[in-house]
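Asks: here is my input, please return the structure:
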Amino acid sequence: MGKPGKKYQLASATIDRARAYGPADALSAVKSASFAKFDETVEVSVHLGVDPRHADQIVRGTVVLPHGTGKTTRVLVIAQGEKLKEAEEAGADFFGPEYIEKIKAGWLDCDVVIAAPDMMSSVGQLGRILGPRGLMPNPKSGTVTTDVGRAVKEVKAGKIEYRVDKTGNLHAPVGKVSFSERQLQDNLNAFMDSVVRAKPAAAKGTYVKSVTVSSSMGPGVRVDTAGYR
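Replies: Below you'll find the predicted structure:
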(Lines give C-alpha, C1' and ligand atoms only; values in the text may rest on other atoms or scores of the structure.)
Protein backbone atom coordinates (compact mmCIF):
# COMPACT_ATOMS: atom_id res chain seq x y z
CA MET A 1 0.00 0.00 0.00
CA GLY A 2 1.28 3.49 -0.83
CA LYS A 3 1.24 6.45 1.48
CA PRO A 4 -2.30 7.71 2.26
CA GLY A 5 -3.38 10.72 0.20
CA LYS A 6 -3.46 14.24 1.60
CA LYS A 7 -7.27 14.28 1.90
CA TYR A 8 -7.21 11.03 3.87
CA GLN A 9 -4.48 12.38 6.17
CA LEU A 10 -6.48 15.57 6.82
CA ALA A 11 -9.64 13.54 7.51
CA SER A 12 -7.68 11.19 9.77
CA ALA A 13 -6.33 14.11 11.79
CA THR A 14 -9.92 14.94 12.88
CA ILE A 15 -10.24 11.54 14.62
CA ASP A 16 -8.95 11.01 18.15
CA ARG A 17 -7.28 7.57 17.89
CA ALA A 18 -6.95 7.17 21.66
CA ARG A 19 -10.67 7.58 22.24
CA ALA A 20 -13.57 5.14 22.05
CA TYR A 21 -16.50 7.26 20.83
CA GLY A 22 -20.14 6.78 21.78
CA PRO A 23 -22.14 5.49 18.75
CA ALA A 24 -23.71 8.91 17.97
CA ASP A 25 -20.37 10.76 18.21
CA ALA A 26 -18.61 8.08 16.17
CA LEU A 27 -21.11 8.38 13.31
CA SER A 28 -20.95 12.17 13.48
CA ALA A 29 -17.14 11.94 13.18
CA VAL A 30 -17.46 9.61 10.17
CA LYS A 31 -19.76 12.09 8.43
CA SER A 32 -17.43 15.00 9.21
CA ALA A 33 -14.35 13.10 7.98
CA SER A 34 -15.94 12.10 4.64
CA PHE A 35 -14.11 13.73 1.74
CA ALA A 36 -15.06 11.65 -1.33
CA LYS A 37 -16.91 13.21 -4.24
CA PHE A 38 -19.61 10.51 -4.10
CA ASP A 39 -22.12 9.42 -1.45
CA GLU A 40 -19.98 6.93 0.43
CA THR A 41 -21.33 3.85 2.19
CA VAL A 42 -20.98 3.92 5.97
CA GLU A 43 -19.71 0.56 7.16
CA VAL A 44 -19.32 -1.13 10.52
CA SER A 45 -16.59 -3.67 11.33
CA VAL A 46 -16.98 -5.82 14.44
CA HIS A 47 -14.27 -8.06 15.91
CA LEU A 48 -15.84 -10.91 17.88
CA GLY A 49 -14.37 -13.18 20.55
CA VAL A 50 -15.31 -16.37 18.71
CA ASP A 51 -13.34 -19.09 16.93
CA PRO A 52 -15.15 -19.60 13.60
CA ARG A 53 -13.14 -22.80 12.98
CA HIS A 54 -15.67 -24.42 15.33
CA ALA A 55 -19.13 -24.83 13.80
CA ASP A 56 -20.80 -23.96 17.13
CA GLN A 57 -19.07 -20.54 17.17
CA ILE A 58 -20.09 -19.32 13.72
CA VAL A 59 -22.05 -16.07 13.95
CA ARG A 60 -24.49 -15.40 11.13
CA GLY A 61 -27.84 -13.74 10.76
CA THR A 62 -30.03 -11.27 8.93
CA VAL A 63 -31.42 -7.92 10.00
CA VAL A 64 -33.74 -5.39 8.37
CA LEU A 65 -32.10 -1.96 8.74
CA PRO A 66 -34.86 0.53 9.69
CA HIS A 67 -33.72 3.05 7.05
CA GLY A 68 -32.34 0.62 4.47
CA THR A 69 -28.79 0.66 3.12
CA GLY A 70 -29.27 3.59 0.75
CA LYS A 71 -28.39 1.25 -2.09
CA THR A 72 -30.81 -0.14 -4.64
CA THR A 73 -30.65 -3.92 -4.30
CA ARG A 74 -31.25 -5.88 -7.50
CA VAL A 75 -33.19 -9.04 -6.66
CA LEU A 76 -33.45 -12.21 -8.75
CA VAL A 77 -36.15 -14.78 -7.94
CA ILE A 78 -35.76 -18.29 -9.34
CA ALA A 79 -39.22 -19.80 -9.24
CA GLN A 80 -42.03 -20.97 -11.51
CA GLY A 81 -45.81 -20.78 -11.88
CA GLU A 82 -47.73 -18.59 -9.42
CA LYS A 83 -44.54 -17.66 -7.55
CA LEU A 84 -43.35 -15.60 -10.53
CA LYS A 85 -46.40 -13.34 -10.25
CA GLU A 86 -45.73 -12.96 -6.51
CA ALA A 87 -42.11 -12.02 -7.23
CA GLU A 88 -43.08 -9.46 -9.85
CA GLU A 89 -45.75 -7.84 -7.65
CA ALA A 90 -43.30 -7.61 -4.74
CA GLY A 91 -40.81 -5.69 -6.89
CA ALA A 92 -38.26 -8.33 -7.96
CA ASP A 93 -35.96 -7.01 -10.70
CA PHE A 94 -35.55 -10.38 -12.44
CA PHE A 95 -37.56 -13.58 -12.15
CA GLY A 96 -37.94 -16.89 -13.91
CA PRO A 97 -36.41 -20.39 -14.14
CA GLU A 98 -34.53 -19.38 -17.31
CA TYR A 99 -32.03 -17.45 -15.17
CA ILE A 100 -30.43 -20.77 -14.15
CA GLU A 101 -29.10 -21.16 -17.71
CA LYS A 102 -28.30 -17.43 -17.95
CA ILE A 103 -26.14 -17.65 -14.81
CA LYS A 104 -24.34 -20.70 -16.20
CA ALA A 105 -23.61 -18.60 -19.30
CA GLY A 106 -22.07 -15.82 -17.20
CA TRP A 107 -24.98 -13.52 -16.21
CA LEU A 108 -24.64 -12.18 -12.66
CA ASP A 109 -26.32 -8.77 -12.73
CA CYS A 110 -27.99 -9.03 -9.30
CA ASP A 111 -27.20 -8.51 -5.61
CA VAL A 112 -29.49 -11.11 -4.00
CA VAL A 113 -30.85 -14.43 -5.28
CA ILE A 114 -34.08 -15.83 -3.80
CA ALA A 115 -35.29 -19.31 -4.76
CA ALA A 116 -38.46 -21.30 -4.24
CA PRO A 117 -37.74 -24.69 -2.54
CA ASP A 118 -38.96 -26.69 -5.57
CA MET A 119 -36.22 -25.05 -7.68
CA MET A 120 -33.32 -25.90 -5.37
CA SER A 121 -32.35 -29.13 -7.14
CA SER A 122 -31.65 -27.00 -10.24
CA VAL A 123 -30.23 -24.03 -8.32
CA GLY A 124 -27.83 -26.44 -6.57
CA GLN A 125 -25.93 -26.74 -9.88
CA LEU A 126 -24.99 -23.06 -9.52
CA GLY A 127 -23.19 -23.54 -6.19
CA ARG A 128 -19.69 -23.10 -7.63
CA ILE A 129 -20.71 -19.82 -9.30
CA LEU A 130 -22.98 -18.32 -6.61
CA GLY A 131 -21.26 -19.69 -3.48
CA PRO A 132 -17.96 -17.75 -3.68
CA ARG A 133 -19.91 -14.53 -4.39
CA GLY A 134 -22.16 -14.97 -1.35
CA LEU A 135 -25.23 -15.26 -3.60
CA MET A 136 -26.25 -18.88 -2.98
CA PRO A 137 -29.85 -19.04 -1.66
CA ASN A 138 -30.03 -20.44 1.86
CA PRO A 139 -33.02 -21.29 4.11
CA LYS A 140 -31.21 -19.83 7.18
CA SER A 141 -31.00 -16.39 5.58
CA GLY A 142 -34.58 -16.58 4.29
CA THR A 143 -33.55 -16.70 0.63
CA VAL A 144 -34.98 -20.20 0.11
CA THR A 145 -38.67 -19.79 0.86
CA THR A 146 -42.19 -20.52 -0.34
CA ASP A 147 -43.09 -16.88 0.49
CA VAL A 148 -40.98 -15.26 -2.24
CA GLY A 149 -43.08 -12.07 -2.20
CA ARG A 150 -42.31 -11.39 1.44
CA ALA A 151 -38.61 -12.22 0.96
CA VAL A 152 -38.35 -9.73 -1.93
CA LYS A 153 -40.08 -6.98 0.07
CA GLU A 154 -37.73 -7.51 3.05
CA VAL A 155 -34.61 -7.29 0.88
CA LYS A 156 -35.95 -4.18 -0.84
CA ALA A 157 -36.72 -2.64 2.58
CA GLY A 158 -33.09 -2.97 3.67
CA LYS A 159 -32.59 -6.56 4.88
CA ILE A 160 -28.92 -7.48 5.04
CA GLU A 161 -27.18 -10.76 5.78
CA TYR A 162 -23.98 -11.06 7.79
CA ARG A 163 -21.56 -13.88 8.58
CA VAL A 164 -18.37 -13.92 10.61
CA ASP A 165 -15.19 -14.46 8.54
CA LYS A 166 -12.42 -16.87 9.50
CA THR A 167 -10.59 -14.20 11.53
CA GLY A 168 -13.66 -13.47 13.72
CA ASN A 169 -14.66 -10.24 11.94
CA LEU A 170 -18.05 -9.06 10.65
CA HIS A 171 -18.54 -6.28 8.11
CA ALA A 172 -21.83 -4.66 7.12
CA PRO A 173 -23.18 -1.47 5.52
CA VAL A 174 -25.31 0.72 7.81
CA GLY A 175 -26.27 3.46 5.33
CA LYS A 176 -24.76 6.33 3.37
CA VAL A 177 -22.87 9.49 4.40
CA SER A 178 -25.94 11.47 3.20
CA PHE A 179 -28.10 9.78 5.88
CA SER A 180 -28.84 11.80 9.02
CA GLU A 181 -26.94 10.85 12.17
CA ARG A 182 -30.21 9.57 13.63
CA GLN A 183 -30.82 7.26 10.65
CA LEU A 184 -27.28 5.91 10.83
CA GLN A 185 -27.59 5.39 14.57
CA ASP A 186 -30.92 3.54 14.21
CA ASN A 187 -29.35 1.26 11.58
CA LEU A 188 -26.19 0.66 13.63
CA ASN A 189 -28.29 -0.13 16.74
CA ALA A 190 -30.45 -2.60 14.79
CA PHE A 191 -27.35 -4.34 13.41
CA MET A 192 -25.53 -4.53 16.76
CA ASP A 193 -28.68 -5.75 18.57
CA SER A 194 -28.91 -8.58 16.03
CA VAL A 195 -25.21 -9.47 16.43
CA VAL A 196 -25.48 -9.51 20.24
CA ARG A 197 -28.56 -11.76 20.03
CA ALA A 198 -26.66 -14.10 17.67
CA LYS A 199 -23.97 -14.80 20.31
CA PRO A 200 -23.23 -18.54 20.24
CA ALA A 201 -23.61 -20.39 23.55
CA ALA A 202 -20.10 -21.80 23.01
CA ALA A 203 -18.47 -18.34 22.89
CA LYS A 204 -16.46 -17.67 26.05
CA GLY A 205 -14.98 -14.42 27.38
CA THR A 206 -15.61 -11.02 25.81
CA TYR A 207 -17.95 -11.41 22.83
CA VAL A 208 -17.84 -7.94 21.19
CA LYS A 209 -14.12 -7.10 21.27
CA SER A 210 -14.10 -4.03 19.05
CA VAL A 211 -16.44 -1.99 16.84
CA THR A 212 -15.23 0.46 14.20
CA VAL A 213 -17.31 2.64 11.84
CA SER A 214 -15.99 4.29 8.70
CA SER A 215 -17.03 5.57 5.28
CA SER A 216 -15.82 3.72 2.16
CA MET A 217 -12.78 5.97 1.71
CA GLY A 218 -12.48 7.53 5.17
CA PRO A 219 -10.61 6.67 8.36
CA GLY A 220 -12.03 4.28 10.95
CA VAL A 221 -13.57 5.56 14.18
CA ARG A 222 -13.49 3.31 17.27
CA VAL A 223 -16.86 2.85 19.01
CA ASP A 224 -17.14 2.25 22.75
CA THR A 225 -18.26 -1.38 23.14
CA ALA A 226 -19.73 -0.90 26.66
CA GLY A 227 -23.27 -0.77 25.26
CA TYR A 228 -22.88 -4.16 23.57
CA ARG A 229 -21.89 -6.29 26.57
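Asks: quick one: the strands in the protein?
Replies: With DSSP state E applied, the chain shows strands at 41-48, 60-64, 75-78, 94-95, 112-115, 159-163, 169-176, 208-215, 221-223, listed in chain order.
Asks: would you list these in a markdown table and tack on distance to Tyr8, mean neighbour count and mean pLDDT?
Replies: C-betas here are computed from N, CA, C, even on glycine. Output for the strands of the chain, formatted as a markdown table (distance: least, C-beta to C-beta, whole Å; neighbours: other C-beta atoms under 10 Å; pLDDT from 0 to 100):
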| stretch | distance to Tyr8 | mean neighbour count | mean pLDDT |
| --- | --- | --- | --- |
| strand 41-48 | 16 | 21 | 97 |
| strand 60-64 | 30 | 17 | 92 |
| strand 75-78 | 34 | 26 | 98 |
| strand 94-95 | 38 | 20 | 98 |
| strand 112-115 | 32 | 26 | 97 |
| strand 159-163 | 27 | 19 | 91 |
| strand 169-176 | 19 | 21 | 96 |
| strand 208-215 | 11 | 20 | 96 |
| strand 221-223 | 14 | 23 | 96 |
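Asks: closest one to Gly5 among those strands?
Replies: With C-beta to C-beta, the closest approach to Gly5 among the strands of the chain belongs to strand 208-215: 14.4 Å.
Asks: who's in contact with the closest one?
Replies: If you take C-beta atoms under 8 Å, 6 or more residues apart in numbering as the criterion, strand 208-215 is touched by 26-27, 30-31, 33-34, 36, 40-49, 168, 174, 177, 188, 192, 195-196, 220-223, 225, 228-229.
Asks: roughly how far out does it sit from the chain middle?
Replies: From the chain centre to the centre of strand 208-215 is a distance of 14 Å (C-alpha atoms, centre = their mean, to the nearest Å).
Asks: which outside residues touch the one helix or strand in the chain whose mean pLDDT sits lowest?
Replies: Least confident element among the helices and strands of the chain, by mean pLDDT, DSSP states H and E: helix 6-12 (a mean of 83). By C-beta under 8 Å, 6+ apart, the residues outside helix 6-12 that reach it are 4, 33-35, 217-219.
Asks: can you do 7 Å?
Replies: Residues outside helix 6-12 that contact it (C-beta atoms under 7 Å, 6 or more residues apart in numbering): 33, 35, 218-219.
Asks: those residues in helices, which ones?
Replies: Using DSSP state H, Ala33 are the members of the contacts of helix 6-12 that sit in helices.
Asks: which pair in the contacts of helix 6-12 spans the largest distance?
Replies: Phe35 and Pro219 (9.9 Å).
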